[in-house]
Every structure is written in structure tokens, then in C-alpha cells.
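Novice: next come a sequence and a model predicted from it.
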Amino acid sequence: MRTLITYIMVFPKRSAFVLIALLLAGVAEALSLTALLPLLSIAVGESVDSKMGQLIVNMLHEIGLEPTLETILLVIVGGMFLKGAILLLTNQQVGHTVAHVATALRLDLIKALLASRWQYYLRQPAGALANSIATEAYRAANGFEHSVNVLALAIEALVYSIVALFISWEATLGSLIIGAILFMVLHRLVRATKRAGNKQTHLLRHLLTYLSDVLGSVKSLKAMARDNVADVILREQTRLLEKATRKEVTNRAALLALQEPILAALTASGLYLALVIWKLSLPEVMVMVFLLTRVLGLLNKTQRRYQQLVAQESAYWALRSAAEEARMEAERSTGTLIPTLEQGLNLRHIVFSYERKTIFSDLNIEIPVHSFTALIGSSGAGKSTLLDLLCGLAEPESGEILIDGVSLHNIDLRHWRHMIGYVSQDTVLLHDTILSNILVGDSTISVEDAERALRQAGAWDFVNSLPDGIHTIVGERGGMLSGGQRQRIAIARALAHQPKLLLLDEPTSALDPESERIICTTLQNLSKEFTIIVVSHQPAVINAANRVFIVSNGKAELLSDTGLPAVTDLKEEI
Ligand SMILES: Nc1ncnc2c1ncn2[C@@H]1O[C@H](COP(=O)(O)OP(=O)(O)OP(=O)(O)O)[C@@H](O)[C@H]1O
């Protein structure tokens, strides 16, 4: 019930529209059915003496129609058509709304996650996120559809009950009481479905997290003939999921199977009471039986829809709590100053740790503008972390990061990041065109910007020589390009928004010497315009830089600031 109310509160306008439409549909149907009463009276040659019958006859007189068999038949058929038209519009609206709800929930989660602290984001398994965006959002949106239907069916049942009350309040009340008892008895099946739904939500999240991890490393597992290990674990999780799904389906089937015979028994008892005990007239009894069958049928349908709602609702709450948790971990930027980068960067006495592991105990680095700085050091020394500190993705415990003498604390982070071009260690290109890979959805970057960036990155000649040029599709993870070409596209992506500072994390680690040489030349050319900081173990990159820092033991030490350090000397340091 909480989910039902929440859905309506979160999407009030859409829910209201759908409900009003369904209500109109219910009224249209009820009116067309009540016309049955005088129809039946006329059909059996009786006079129309019930209140409802009189009302219909009077209404027909009002609009200048005689209550003949033909007119009443037309009223019934017309009412049904009107109901059909309203239902068509309603169903359309429900369909649009379900799609809208799914999109709104997905966007909400993505937005909250992207706005969260980097350290929090890193802890989120990609598979769980994919599951939330795909499966949970879909199930949650279906939950919305079931909610609206529960309400609509309940309203329809109410409308029918009111109409039935006019005919015989005793029979209606009796049936409603029996209906309520039936509802409560069968509620056990609804609760069991809810438990199965919760289990499914939990297992699906687990399964997709594991699946995405396994698929990410399938090549090495396959090469070592260890893919059957993954297979066994996945099979176990799939078996559990299947069990939960089977439980849900069994409970649904049980509810459906039990409702039908009980409904038949109730209808038969009602018929007996009306004919033998209350001695109602045959047309009245026939209409009443028809209406009560509908009321109880609608109550049954309401319960079945409610059962479907509780099977899906856990997905909605899982999705909402994921978004809420991400919002609690939102990155908070306190600074408001607009940064400049005309003098340089200065890291002073930086102390930083991951949980209890100290990475920097007293880090001091000065980086003048238009310098080309290489950061070297053993694996795990903290080079990538240093880049994270510069971007504001990690925050020092103490010490200061100064941009042109202004503390990063006081600077608007988004403005600062806009001045950064970042090429990560593991750039993944999208399965899309080269142009899309450079724009990555940023509408402020023009095609001319992309072309300029490709030229700056030394990629223009090879892109231009491709049959579709900038519109060439690069394939899955950029697989249709060479490693060096992919890396130059990644550099072009980092340059497209005209940054001032270029940060590169191991840009050539996967490249052959020739591709590496080309990237180094590109970087040297770029250093005339940009301030470049590159993390690398590669002698060619270190030689290309004009300043070299070694990061070790929580500190950074300047090894060279004149240009070309001897590669052999550096190798010993690395
Ligand atoms: N998000 C994180 N949470 C906890 N520990 C982390 C996190 N990121 C990195 N570390 C740890 O901090 C240390 C420094 O990591 P970092 O990636 O900065 O090293 P690096 O010098 O760039 O290494 P490499 O040359 O191997 O890329 C490593 O020991 C790593 O395990």
C-alpha cells in the first residue's frame, strides 16, 4: 500500500489523469449496464417499475427518445463504445506513463551517481548499476502500472457496487462482506508473492554484478580453461533466481485458481438467496447477478493486480534507496571562485590516505604553466592518486592545492574541471563514430572543435584517410583502430573542450615503440600550448618531458627540470 501511495505522490499528474479516465470508463460501462434493467422489463413484457429503470426511462424521455427495445439496445452498445474509446486513451496514457516512470527512475539514479563522491562511485559494482538501470527500473515502472490499475479496478468495483446497491442493498452488502473475507483469506498468497519478489530483486542484483565481473575477465578465464568455475557459480545463482521466480508464478496461479471456484460458489448462493429467500423479480435478479458477478470479479482482479504490484515493488524501493544513498554521498563543492591558469600549480604539504593506508605524508610539487611534467615511481606509489587530487576527485586530509595561488577549496570545481583534459590509463572508446567519441554528448563542442582537437592530437591525417573520415565507426571498444590511433582519439577527446591543463595516466603503456614515438611527438607539440602532466613508466615519454618527478615514500622529488634526463639513469630510479 505504501508503494501505491508513493507512486501517486511521486507522479501525481499522470496518476490523476489515468485515474480520471478509468473512472469515466467505469461510469460509462455502469450506465450502459443499468440500461439492461428496463431492457429486460421491456423484453419480458413487464412494466418498468424499479427506481433505476425509471431513471433510465426518464433520461431517455429528456433527450426525446422512446424507451423501446431498439433505443435501449443502442444505449447499451453506445455506452460500450464510449467506454472502449475512453479505455483506449487510458491505456495509451498508461503506456506512455510507464515508459516515463522507467526513464525518470533511471535518470534519477544516474544523476545521483554521477554527482556522488568519486571514492563512493568507485565502490559501486558496474553490474549492480546495469541491473538497476535495466531490470529494476523496468520492474519498478511495471509496479506503477499495477498500482494505477489497482486503484482503477477498485474504483470500478465501487461504481458497480453503488449501482448494485440501488437494486438490492441487502444482496450487495452481503456479497461485499463475503468478498472481503475472500480477500483476507487469499491475502496469504499475496504476502508470499511479496517475499518471492524481494528475493528476486536481491538475487538479480547479485547475479548481474557477478556476471559483469566474469564477462569482463572472460578471456583470461577461458585461456586458462577456468571458465567452468564461473559457470558453476552463475548456475547456482541462476538456480536460486529461478526458484524465487517459480514461487511467484505458483502463488499467482494459486490465487487465480482459487478465486474462480469461490466466485462461482458465491454467485450461486446469491442467486439462491435472491430468488428463493428475498423473492425478487426475475429481471432484477438477472441484472443483480450480472452486476454482483462483475463486482466480485473486479475485486478479484484488484487483488491479482495488487499481487503483481507487490511482486515488483521491491525493485522500486531498491532503486530509490540506491539513488538516496548516492545523494547522501554527493560531492560537495564549497568553492565559488572562477579559476585561472596563468602561473601554475602548487601542491604544498599534502597528506592523503585511503582509509588507513597513507599514500602521501608530505607531498610538495610545483608545476609552472606550459611545462611538460612526467611523474614516475614504482607501482602503487600514488601517481594516479596525485592526478585525482589535482582534479578534485580526491581530497587531501591536510595541505593545500593552489591554482595560480588560489586554494582549490575556494574554487568552483566544475569550472576547474572544465579547464582539464584527462586521458585515463584505460580509455574505452564507445562503439560509435570518431566524432561521437570526441563529443561524448557535449552539445557545447562543435564539429570544428572536434576537427581542431584531432589535428592537435596528431590524428587528423589518419582520420581523414578513412573512407568515412570523422564519421567512421570505431567498433566495440575502438577495436577497429590500432592502439596508437585509439590513444590519439582519446587525446583529441581530452582537447576538444579547449582545456588548459592536460593530465595523462600511462598514455603509451600498451603501445608499440612507433606508436609511442608518435604520441610523444604529439605531446611535445602540445606542451607549447598546454600545461601537461603525464604519469608514465616509459623511457620515451620521460625523455620527452622537460621536468621529471619521482613519487615515492609519500613524497615527490624533482629529478630533472631542464629537458632530457638520461634514460639509463632514470631506469634505475624506476
Ligand atoms: N579508491 C581506492 N581505495 C583504496 N585504495 C586505493 C584506491 N585507489 C588506489 N588505492 C591504493 O593506493 C595506492 C596508490 O594507488 P595509485 O593508483 O595512485 O598508484 P600508482 O602509483 O598510480 O600505481 P600504478 O603505477 O600501478 O598505476 C595503491 O596501493 C592502491 O592500491
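Specialist: That came through, no problem. Keep in mind that this is a model prediction, so the values were computed, not measured.

Novice: tell me how far the residue in the stretch 1-150 of the chain that the ligand sits nearest to lies from Lys357.
Specialist: Distances between the stretch 1-150 of the chain and the ligand by C-beta to the nearest ligand atom are smallest at Leu122, namely 4.9 Å. All C-beta atoms are positioned from the backbone trio N, CA, C, and that covers glycine. Per C-beta to C-beta, to the nearest Å, Leu122 is found 15 Å from Lys357.

Novice: got the phi and psi for the residue of the stretch 201-350 of the chain found nearest the ligand?
Specialist: Proximity to the ligand, evaluated over the stretch 201-350 of the chain using C-beta to the nearest ligand atom, is greatest for Ile350 at 12.8 Å. Dihedral pair for Ile350: phi -80, psi 130, per degrees, to the nearest 10.

Novice: you'd agree it is up against Phe360?
Specialist: Yes - between Ile350 and Phe360 a contact is recorded at 5.0 Å, counting by C-beta atoms under 8 Å.

Novice: returning to that earlier point: OK, contacts around the residue of the stretch 201-350 of the chain closest to the ligand?
Specialist: 360, 362-364, 389, 396, 398-401 (C-beta atoms under 8 Å, 6 or more residues apart in numbering).

Novice: hmm, back to that, what is in contact with Ile350 and Phe360 at once?
Specialist: Contacts common to Ile350 and Phe360, judged by C-beta under 8 Å, 6+ apart, are Pro396.

Novice: the strands in the stretch 201-350 of the chain, which residues?
Specialist: 344-354 (DSSP state E, counting those that start in this stretch).

Novice: low-confidence stretches in it?
Specialist: 218-221, 225-227, 229-230, 287-288, 291 (pLDDT under 70).

Novice: residues from it in reach of the ligand?
Specialist: By C-beta under 6 Å from any ligand atom, no residue of the stretch 201-350 of the chain approaches the ligand.

Novice: tell me where the stretch 201-350 of the chain has helices.
Specialist: Counting by DSSP state H, counting those that start in this stretch, the stretch 201-350 of the chain has helices at residues 218-223, 227-272, 282-328.

Novice: ok, now the stretch 1-150 of the chain?
Specialist: All helices of the stretch 1-150 of the chain, identified by DSSP H, counting those that start in this stretch, fall at 2-10, 12-34, 36-43, 51-62, 69-114, 118-122, 126-131, 137-167.

Novice: what angle separates the first one from helix 137-167?
Specialist: Orientation note: helix 2-10 sits at an angle of 100 degrees relative to helix 137-167 (axes from the mean of the first three to the mean of the last three C-alpha atoms, to 10 degrees).

Novice: thinking again about what came up before, drop anything exposed from the contacts of Ile350.
Specialist: 360, 363-364, 389, 396, 399, 401 (16 or more other C-beta atoms under 10 Å).

Novice: so for stretch 100-109, mean pLDDT?
Specialist: Stretch 100-109 carries an average pLDDT of 91.

Novice: oh, I was asking about stretch 399-413
Specialist: 92.

Novice: equivalent analysis for stretch 127-141, please.
Specialist: 88.

Novice: give the buried residues for it.
Specialist: Buried residues in stretch 127-141 (16+ other C-beta under 10 Å): 127-129, 131-133, 135-141.

Novice: start and end of it, how far apart?
Specialist: One end of stretch 127-141 sits 20 Å from the other (C-alpha to C-alpha, to the nearest Å).

Novice: can you check stretch 424-444 too?
Specialist: 22 Å.

Novice: follow-up on the earlier one: so which of the helices of the stretch 1-150 of the chain comes closest to Pro499?
Specialist: Minimum separation from Pro499 across the helices of the stretch 1-150 of the chain (C-beta to C-beta) falls at helix 118-122, 18.7 Å.

Novice: so what does that closest one touch, helix or strand wise?
Specialist: The contact analysis (3 or more C-beta pairs under 8 Å, 6 or more residues apart in numbering; DSSP states H and E) places helix 118-122 against no helix or strand.

Novice: which residue is the nearest non-sequential neighbour of Arg294?
Specialist: Tyr160 (5.1 Å; C-beta to C-beta, 6 or more residues apart in numbering).

Novice: what does Thr433 give?
Specialist: Nearest residue to Thr433, sequence neighbours excluded (C-beta to C-beta, 6+ apart): His471, at 4.9 Å.

Novice: same question for Asn198.
Specialist: Ser314 (4.5 Å).

Novice: next up, the contacts around that neighbour.
Specialist: Counting by C-beta under 8 Å, 6+ apart, Ser314 touches 194, 197-198, 200-202.

Novice: export those to TSV and tack on distance to Gly64?
Specialist: Shown next, in TSV, are the contacts of Ser314 (distance: C-beta to C-beta, whole Å):
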residue	distance to Gly64
Lys194	55
Gly197	55
Asn198	60
Gln200	59
Thr201	59
His202	64
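
Novice: now the buried members of the residues you listed.
Specialist: Here the buried ones among the contacts of Ser314, as counted with 16+ other C-beta under 10 Å, turn out to be 194, 197-198, 200-201.

Novice: quick one: contacts for the residue lying closest to Leu211 once chain neighbours are set aside?
Specialist: Sequence neighbours aside, Gly127 is the residue nearest to Leu211 in space, at 5.9 Å (criterion: C-beta to C-beta, 6+ apart). Going by C-beta under 8 Å, 6+ apart, Gly127 touches 208-213.

Novice: how about Gly174?
Specialist: With C-beta under 8 Å, 6+ apart, Gly174 has these contacts: 270, 273.

Novice: check the gap between Leu182 and the ligand for me.
Specialist: 56 Å (C-beta to the nearest ligand atom, to the nearest Å).

Novice: just read off the phi/psi values of Gln124.
Specialist: Torsion angles, degrees, to the nearest 10, at Gln124: phi -80, psi 120.

Novice: sorry, that was for Ile473
Specialist: phi -80, psi 130.
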